[in-house]
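J.: sequence and computational prediction follow.
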Amino acid sequence: MLVQRKERFVGAILGCAFGDVLGAAVEMQSRQEILLQHPQLVRDFLPSQQGLGFGCYTDDTEMTLALARSILRKKEVDGADCAAAYAETFTPERGYGRSAVQVLTALQQGADWLSSGNMLFADGSFGNGAVMRIAPIGLLYGLLDHQQLYQKVKLAVWMTHTHPEAIDAALLQARAIGLMLAADELPDAQGFLEKLFCFVPESTLNVKLQGLALLLNRFATADEVVAEFGCGVRSADSWPPALWAALRFIDDPEEAIVQAVNLGGDTDTIGAMTGALVGALHGDQWFPTRWYEQLENGTAGRDELIEVAERLAEFSAC
Ligand code: R7I
Ligand code: MG
Ligand code: MG
């Protein structure tokens, strides 16, 4: 497997966008509801539920792009600048979480990024808004040692997510993306998970990872994955299913994203997280033409996503 580094950066960022758009039209529908309407699974972009244009991405990709832009302009992960970038980019129509809307509005009005993450929930949000956007950190810093990576992740998410579960999930996804980016052959699922367990000892996510290992080991079905994790907006309910789809369909990135989205629940986010993982491994050669052509391509659309991904790759080589 000889996929170039730059292509893998593009794969991860566009993979995120593809999963986001594919899942957005059925976000928060259960797997049963989706299968009833789409017995052959959702495989094509559908008109948006939220009134977004056809092929438009949501907050998952918007925040990923904002994080990437901030790193590129500061040449490092700067918490204050990340917060400013999220606030600048914030488009409420793109379907942000309830607390996220409040936090980003406050940041636009000058709130302090160090304390903004506790506005709605005393312990911080455990929503998956931190992990959904972490791909740029995974691509650039995913193989740093635990403490260094933790600091980068924390700076990128603290203004919206201070809950340990949200940070742990983002840390794991960043590491997983780093591992995918570095892999020169298709990773073995159990070996891959072994490299993640030590990252979050004695935590909710560690227990979830153990469960995921068992499911992958016995080739569990998508229904069993939904029964085990729920696939809701909570970080610990949605990130493990995204990793399941990536590892279970590791040789077929399009199928991995399709399977992720059709789990139901937080479909755009699960799809986005799976897309970033498989894209970091497979690069850009697998892109389905229909997804590529239909992805929005106005301001901050497909071409800009590709350009930012390529600039991240160049920055990583410095
Ligand atoms: O985490 P966040 O950015 O949301 C991301 C999700 C993704 O599915 C996106 O596609 C988008 O649809 O939103 O936004 P938050 O508002 O921080 O968290 C999302 C939701 O998680 C909240 O609106 C709450 O319903 C729930 N939640 C909590 N509920 C109770 N107690 C998050 N933290 C808590 C909590 O501590
Ligand atoms: Mg979304
Ligand atoms: Mg979502």
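T.: Arrived safely. Ligands and ions are numbered 1, 2, ... in the order given.
J.: quickly find the element holding Val101.
T.: Assigned by DSSP states H and E, Val101 belongs to helix 98-108.
J.: what does the stretch 51-200 of the chain put close to ligand 1?
T.: Contact residues, the stretch 51-200 of the chain versus ligand 1 (C-beta under 6 Å from any ligand atom): 58-60, 95-100, 121, 123, 125-129, 132. Placement of C-beta: from N, CA and C, glycine included.
J.: try it again with 8 Å
T.: Applying C-beta under 8 Å from any ligand atom, one finds that the stretch 51-200 of the chain approaches ligand 1 through 58-60, 63, 95-103, 120-130, 132, 160-161, 163, 166.
J.: helix or strand next in line after the helix holding Val101, which one?
T.: Trace forward from helix 98-108 with DSSP H and E and the next one is helix 135-141.
J.: OK, contacts around Gln190?
T.: Ala213, Leu216, Asn217 (C-beta atoms under 8 Å, 6 or more residues apart in numbering).
J.: any idea which of those is closest to Trp291?
T.: Leu216 (26.0 Å; C-beta to C-beta).
J.: using the three-state scheme, assign whatever residue of the stretch 151-300 of the chain ends up closest to ligand 2.
T.: Per C-beta to the ion, Asp268 is where the stretch 151-300 of the chain lies closest to ligand 2, at 4.3 Å. In three-state terms, and counting by DSSP: H, G, I helix; E, B strand; the rest coil, Asp268 is helix.
J.: distance of it relative to Leu215?
T.: Separation of Asp268 from Leu215 (C-beta to C-beta, to the nearest Å): 23 Å.
J.: neighbour count: those two, which is higher?
T.: When Asp268 and Leu215 are compared for neighbours, Asp268 comes out ahead with 26 against 21, by other C-beta atoms under 10 Å.
J.: how much space separates the more buried one from Gly23?
T.: Asp268 is 4 Å from Gly23, by C-beta to C-beta.
J.: any shared contact partners between those two?
T.: Joint contacts of Asp268 and Gly23 (C-beta under 8 Å, 6+ apart) are Val261.
J.: with neighbour count, secondary structure and pLDDT as added columns, please give the contacts of Gln190 in CSV.
T.: Formatted as CSV, those follow (neighbours: other C-beta atoms under 10 Å; DSSP: H, G, I helix; E, B strand; the rest coil; pLDDT from 0 to 100):
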residue, neighbour count, secondary structure, pLDDT
Ala213, 17, helix, 98
Leu216, 18, helix, 98
Asn217, 11, helix, 97
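J.: could you single out the nearest of these to ligand 1?
T.: Nearest to ligand 1 among these is Leu216, at 23.8 Å by C-beta to the nearest ligand atom.
J.: residue contacts, the residue nearest to that closest one when sequence neighbours are not counted?
T.: In space, and not counting its chain neighbours, Leu216 is closest to Ala189: 4.6 Å by C-beta to C-beta, 6 or more residues apart in numbering. Going by C-beta under 8 Å, 6+ apart, Ala189 touches Ala213, Leu216, Asn217, Leu247, Arg248, Ile250.
J.: which residue does the stretch 1-150 of the chain bring closest to ligand 2?
T.: Thr58 (3.3 Å).
J.: dihedrals phi and psi, that residue?
T.: phi -120, psi -160 (degrees, to the nearest 10).
J.: right, and it touches Asp266 too?
T.: No: in this structure, Thr58 is not within contact of Asp266 by C-beta atoms under 8 Å, at 10.9 Å.
J.: now do the shared contacts for the two.
T.: Glu27.
J.: ok, those two, which is more surrounded?
T.: Neighbour totals were compared for Thr58 and Asp266, and Asp266 leads with 28 against 25 (other C-beta under 10 Å).
J.: that one against Ser235, yeah?
T.: No: under the criterion of C-beta under 8 Å, Asp266 makes no contact with Ser235, lying 10.0 Å away.
J.: quick check: neighbours shared by the two?
T.: Common neighbours of Asp266 and Ser235 (C-beta under 8 Å, 6+ apart) are Asn128.
J.: ok, back up a step: what's the PyMOL line that selects buried ones from the residues of the stretch 51-200 of the chain next to ligand 1?
T.: To isolate the buried members of these in PyMOL, using 16 or more other C-beta atoms under 10 Å:
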select buried, resi 58+59+60+63+95+96+97+99+100+102+103+124+125+126+127+128+129+130+132+160+161+163+166
